[in-house]
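>>> Fold the following, please.
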Amino acid sequence: MRTYLSLAAHRTLPLLALALLFHCLTPGPAATAQISVSIPEEIEWTWEVRPAHPDPKLPNVLLLGDSIARNYFPQVVKDLTGIANVYLMAVSTSVGDPRLPHQIVEFAAMENVAFRVVHFNNGMHGWQYTEAQYKTAFPDLLSSVRRVTDTGGRLIWANTTPVKSNASNGATNPRIEERNAIAEKQVRAAGISIDDQHTLMTEHSDLYQDPIHFGPRGAEIMGDHAAASIRAALSL
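Just a heads-up that it's a prediction; the model follows:
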C-alpha cells in the first residue's frame with residue numbers, strides 16, 4: 001500500500017526536519033563558549049624536522065612549538081647528541097585552533113614513533129583568540145601531547161617568552177603574562193614540569209634579533225635551558 005503526500009506536505013516536512021535539526025544542533029549559551037573555530041593567519045606554516053639517522057637505542061624527544069622553538073632547536077640537538085633523537089614540530093597553528101591537536105597526533109603517526117619526552121609551547125600565535133578561548137582550548141593541547149608520549153613518557157611545558165614593545169603580530173607582554181598564568185595553573189594541576197623560558201629571557205633583553213625573536217646567542221641560551229630540562233626528565 002502506498003501513501004501519498006499532498007504538495008503542501010512535501011513542502012512542509014523538509015522545513016520541519018530542518019527546523020528540528022537546527023534546534024538539536026544549536027548550542028545553548030553554556031555550550032557556545034566551548035565551540036572552537038579556526039581563525040587562519042595571513043601566512044600559515046609548518047616546519048618539521050626529524051633526525052636523518054635516528055638511533056633506535058636512544059629515546060625519542062619532541063620539541064613542539066612555533067618559530068621560537070624552531071630557533072633554539074639546533075642547540076637542543078647539539079646538547080642532546082648521543083642522549084636522544086630530537087624531533088621538531090613547529091607550526092603557526094595556535095592554542096584555540098581545533099586543527100592543532102589533530103596535527104600533533106598526525107605528526108607522531110607519520111613519524112611512527114612515541115616520544116619519551118615532549119617539550120611543548122605554542123605561544124606566539126593565535127592572538128585573534130581571547131584569553132577565555134585560550135583557557136578553554138588548553139586542555140585539548142595537553143590531551144594531544146599525552147597521546148604522543150610512550151609508556152612512562154614525560155611532558156615539559158615551556159612558557160612564552162617576552163616581546164619588545166613594538167611587536168606587531170598582536171602579542172603584548174600583558175597578554176603573554178596572562179596566558180602564561182592560565183596555562184601554568186593547568187600545567188601544575190596536571191603535574192607537568194615547567195621550563196621557565198620567560199624568566200630566563202627577561203634577563204636577556206639585549207639579545208633580541210627582532211621584536212619577537214632572539215638572535216643566535218639568545219637561541220643558544222634558550223636551547224641550553226630546554227635541553228637541561230629534557231635531560232632531567234629523561235633521568236626520571
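
>>> alpha carbons only for contacts and neighbour counts from here, please
Noted.

>>> okay, and the helix or strand of this structure with the least pLDDT?
Within the chain, no helix or strand scores below helix 29-32, which has a mean of 36 by mean pLDDT, DSSP states H and E.

>>> on contacts alone, who are the packing partners of the helix or strand immediately after that one in the chain?
Next along the chain after helix 29-32, taking DSSP states H and E as the criterion, comes strand 46-49. Here strand 46-49 touches strand 85-91, going by 3 or more Cα pairs under 8 Å, 6 or more residues apart in numbering; DSSP states H and E.

>>> So for the strand it packs on, mean pLDDT?
Per-region confidence: strand 85-91 scores 98 on mean pLDDT.

>>> Quickly run through the sheet partners of it, with directions.
Next to strand 85-91 in the sheet, as set by DSSP bridges, lie strand 46-49 (antiparallel), strand 60-65 (parallel).

>>> the strands in the chain, which residues?
46-49, 60-65, 85-91, 115-120, 149-158, 193-195 (DSSP state E).

>>> possible to save those as CSV with mean neighbour count and distance to Ala108?
As requested, the strands of the chain are exported to CSV (neighbours: other Cα atoms under 10 Å; distance: least, Cα to Cα, whole Å):
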stretch, mean neighbour count, distance to Ala108
strand 46-49, 13, 11
strand 60-65, 25, 9
strand 85-91, 24, 10
strand 115-120, 25, 8
strand 149-158, 19, 9
strand 193-195, 20, 21
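
>>> Throw the ones you listed into a markdown table and include distance to Lys185, thanks.
Formatted as a markdown table, those follow (distance: least, Cα to Cα, whole Å):
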| stretch | distance to Lys185 |
| --- | --- |
| strand 46-49 | 28 |
| strand 60-65 | 19 |
| strand 85-91 | 24 |
| strand 115-120 | 16 |
| strand 149-158 | 11 |
| strand 193-195 | 11 |
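
>>> now the helices for the protein?
In order along the chain, the chain carries the following helices (DSSP state H): 7-25, 29-32, 67-79, 99-111, 131-147, 173-189, 197-202, 216-234.

>>> The fifth one vs helix 99-111, what angle?
To tie it back to what came earlier, the one meant is helix 131-147. Angle, helix 131-147 to helix 99-111, by axes from the mean of the first three to the mean of the last three Cα atoms, to 10 degrees: 20 degrees.

>>> buried residues in helix 131-147?
131, 133-138, 140-142, 144-146 (16 or more other Cα atoms under 10 Å).

>>> taking the mean pLDDT, what do you get for it?
On average, helix 131-147 scores 96.

>>> Same question for stretch 95-109.
Confidence over stretch 95-109 (mean pLDDT, whole number) is 95.

>>> residue contacts, the nearest residue to Gly126 once chain neighbours are set aside?
The shortest distance from Gly126 to any non-neighbouring residue, by Cα to Cα, 6 or more residues apart in numbering, is to Ser94 (5.0 Å). Counting by Cα atoms under 8 Å, 6 or more residues apart in numbering, Ser94 touches Leu100, Asn122, Gly123, Met124, His125, Gly126.

>>> Near the residue lying closest to the third one once chain neighbours are set aside, how many other residues are there?
Leaving aside its sequence neighbours, Gly123 sits nearest to Thr160 (Cα to Cα, 6+ apart; 5.4 Å). Burial of Thr160, expressed as a neighbour count using other Cα atoms under 10 Å, amounts to 23.
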